[in-house]
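Engineer: here is my input, please return the structure:
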Amino acid sequence: MFDQTQIQEFKEAFTVIDQNRDGIIDKEDLRDTFAAMGRLNVKNEELDAMMKEASGPINFTVFLTMFGEKLKGADPEDVITGAFKVLDPEGKGTIKKQFLEELLTTQCDRFSHEEIKNMWAAFPPDVGGNVDYKNICYVITHGDAKDQE
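Structural biologist: So this is what the prediction gives:
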């Protein structure tokens, strides 16, 4: 399902999350990982819900399988691009930052202020305030080219 480079990247991620280095990701590893990223006081219910996504202890094989199952359900690039094109009737390949931000913070699964901030850091608009949604779609389905160097 994954090539050797991807497997190595997943191994690195697993090692970062496995804070106590015992080869198994447990609830405390998740809590410590969140703390290392600056998110303190994560609720036990949230951690329990994450742990329940696995059928048992999360070793590297289970971790890799879980990611495979999650990624298998991702929409293809053309489907995601098609959804953005609905918001781009002129077919420019861009959407105004203000419009996209308003949609993402007021509709359906609303983005938090932090998620919006992270999105603009990853996909900064141009000087005219336009967001290249084709780039966003590519990164969602293929990963960031910078990450693969």
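Engineer: Lys134: neighbour count?
Structural biologist: Number of residues near Lys134 (other Cβ atoms under 10 Å) recorded here: 16. Just so you know, the C-beta spots here come from the backbone N, C-alpha and C atoms, and that holds for glycine as well.
Engineer: which other helices and strands contact the helix or strand that contains it?
Structural biologist: Under the criterion of DSSP states H and E, Lys134 resides in helix 133-142. Packing contacts for helix 133-142, counted by 3 or more Cβ pairs under 8 Å, 6 or more residues apart in numbering; DSSP states H and E, involve helix 77-85.
Engineer: switch the cut-off to 10 Å
Structural biologist: helix 77-85, strand 94-96, helix 113-122 (3 or more Cβ pairs under 10 Å, 6 or more residues apart in numbering; DSSP states H and E).
Engineer: now the angle from the first one to helix 133-142?
Structural biologist: With axes from the mean of the first three to the mean of the last three Cα atoms, to 10 degrees applied, the angle from helix 77-85 to helix 133-142 works out at 150 degrees.
Engineer: which parts of the helix holding Lys134 are buried?
Structural biologist: Using 16 or more other Cβ atoms under 10 Å as the test for burial, helix 133-142 gives 133-134, 136-139, 141.
Engineer: out of the helices and strands packed on helix 133-142, which is closest to Asp32?
Structural biologist: Ranking the helices and strands packed on helix 133-142 by their distance to Asp32 (criterion: Cβ to Cβ) puts helix 113-122 first, at 20.1 Å.
Engineer: what does the closest one contact?
Structural biologist: For helix 113-122, the surrounding residues in contact (Cβ atoms under 10 Å, 6 or more residues apart in numbering) are 39, 97, 100-101, 104-105, 109-112, 131, 135-136, 139, 144.
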